[in-house]
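Undergrad: With the sequence up front, the predicted model follows.
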Amino acid sequence: MELNKLFKTDNKTDIKALVSDSRNVVNDSIFFCIEGFSVDRHEFIDQAIDKGAVAIVHSKDVDKKPGISYFKVENVYKELERVVDLYFDAPSKKLKIYGVTGTNGKSTMTSTLRHVLNRLGENTGYIGTISIEYNDKVLEPTLTTPDIIEMNSILKDMVDAGVTSVALEVSSQGLALNRVDTIDFDTVAFTNLSLEHLDYHKTMENYYLAKKHLFDLLKEEGVMVVNIDDSYGQRLYDEVNIKNKYSVSLEKSADYRVDGLNLDKDRSEFNLHVDNKVYPVITNMVAKFNVYNTVEVIAMLHQSGYDLEKVIAAIENLPSVKGRVNFIDNEQDFNAVVDYSHTPDGFEKIYTYLKEITSGRLITVYGNAGGRDHSKRPIMGAISAKFCDLLVITEQDRRTEDVSVIKDEMLRDVKDTPYEFIPKRFDAIYHALSIAEKGDTVVVLGKGDERFQHGPEGLEAWPGDDKVVYDILQTLKEKNNK
């Protein structure tokens, strides 16, 4: 798009990119000097010009160079929002956008939304923690919720590829940083809220208000679905004044109410009460927390106009969500489970489910991230000690922290439960699997299918907990068969 179609200028340069990070500048870019929490992009104007920027959008007085177009505005980010809509032709307005926020369950719900919508005949994309997916493309994400430029670029690519709907994970940081303020959401959902990201938000109130922002963005005719068994969900439901809001509960009266719940290792069965009718539901989504996720997906699609019985039929046999309650089977006589859970609430929920299906010991392998919220470390240790028979403590995204120091904080409130500290993650997983006996469950938490770890020098290659567990099980099987 030509520069004079984005700004009042006679300059007709064909703009190749919108950029707010000077490292990403290419020839014929517009560079937006956003003032962030730790970096003021005004300081990188010269670098941007050297790399090919032809226009600078700024809010401070700057030294001007000949041949460069300068546009001084009051609020650079607001100007970026305006220009992004023009440059990418407001792609979210051409798509049905489903947004999901909450501490836990975002990836599972959005992945499930994509699979079910595809089964219902929609060409659906997904943007979130696991990947960016549409048609046969699977791309690595940079963030759970991409920045405004990347987000709109992806959505435009999806529109151009014939996508009609998108399931979008919406993180609290993405909301706090206004990354999705211009996205035209049609249906949004809230899963739950528990201790997480306080290194960023500082208080649970700030964390809640960041999540609530998604519902403040919802258009008048939009649809809102909320888990009201979560205390913050009930508060959100009560506070948001919108016509089309719907509640989900396993415990009390709600628009979508569950009873008769039967949980098994490989499936869940329950009755779903909607509009004074009862619908039997069978799904291979396991664990109580996934019943909440499943019912919220059903409610979102039903209130978006899809036939309820067809939606229920479409969720009976779903593909597993990568890194989420994945049972790894290599003919062993115990359960080996990989799950992404990395919060106190997530730990309690996965342990509760696994305890119900385990006849022997429950053995956990996990760590806590370095350089992140210290307060949850002893809490997660105490929860692990409450449910598990053995804790195997190891590294997990240690960054620049000493793993043994992290371990000490994790174990602060662990009293009688036995534990072993094995710093290297592979060695810890190998040990736990090698000592497992018939009827035991070994659960490896925190990374799921992520193919990296955050180390002292940045990202380090990691095969993924799912692959590591399978490969170790294969090694143990071959060893035992000799």
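TA: Received, thanks. Residues are numbered from 1 along each chain as shown.
Undergrad: Residue 78: helix or strand, and which one exactly?
TA: helix 76-88 (DSSP states H and E).
Undergrad: next one: residue 224
TA: Using DSSP H and E, residue 224 maps to strand 223-227.
Undergrad: returning to that earlier point: CA atoms only: put the very next helix or strand once past the helix holding residue 78 into PDB for me.
TA: Going down the chain from helix 76-88, the next helix or strand is strand 96-101, by DSSP H and E. Output of strand 96-101 as PDB, limited to C-alpha atoms (Å, rounded to 0.1, in the frame of the first residue of the first chain):
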ATOM      1  CA  LYS A  96     -15.800 -15.000  12.800                       C
ATOM      2  CA  ILE A  97     -13.500 -14.500  15.800                       C
ATOM      3  CA  TYR A  98     -13.700 -16.700  18.900                       C
ATOM      4  CA  GLY A  99     -11.600 -15.500  21.800                       C
ATOM      5  CA  VAL A 100     -10.800 -17.400  25.000                       C
ATOM      6  CA  THR A 101      -9.100 -16.100  28.100                       C
END
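Undergrad: got the angle for strand 96-101 vs strand 223-227?
TA: 30 degrees (axes from the mean of the first three to the mean of the last three Cα atoms, to 10 degrees).
Undergrad: Run through who's touching strand 96-101.
TA: By Cβ atoms under 8 Å, 6 or more residues apart in numbering, the residues outside strand 96-101 that reach it are 106, 109-110, 113, 122, 164-172, 175, 180, 183-191, 211, 214, 296, 300, 304. No exception for glycine: its C-beta is placed from N, CA and C like everyone else's.
Undergrad: In helices, which of the residues you listed appear?
TA: Judged by DSSP state H, the contacts of strand 96-101 include 106, 109, 110, 113, 172, 175, 211, 214, 296, 300 as members of helices.
Undergrad: where do the strands sit along the stretch 201-350 of the chain?
TA: 223-227, 245-249, 256-263, 268-274, 277-283, 326-327, 335-339 (DSSP state E, counting those that start in this stretch).
Undergrad: The longest one - contacts with which helices or strands?
TA: For strand 256-263, the helices and strands in contact under the criterion 3 or more Cβ pairs under 8 Å, 6 or more residues apart in numbering; DSSP states H and E are strand 245-249, strand 268-274, helix 288-302, helix 344-357.
Undergrad: got it, and the fifth one?
TA: Counting by 3+ Cβ pairs under 8 Å, 6+ apart, the packing neighbours recorded for strand 277-283 are strand 268-274, helix 288-302, helix 308-314.
Undergrad: Report all helices and strands that the last one contacts.
TA: Applying 3+ Cβ pairs under 8 Å, 6+ apart, one finds that helix 308-314 contacts helix 106-119, strand 277-283, helix 288-302.
Undergrad: Outside of stretch 266-279 itself, list whatever touches it.
TA: 255-262, 280-287, 290-291, 294-295, 298, 302, 308-309, 312.
Undergrad: can we see that at 10 Å?
TA: 246, 248-250, 253-263, 280-288, 290-291, 294-295, 298-299, 302, 308-309, 311-312, 316-317, 327, 357 (Cβ atoms under 10 Å, 6 or more residues apart in numbering).
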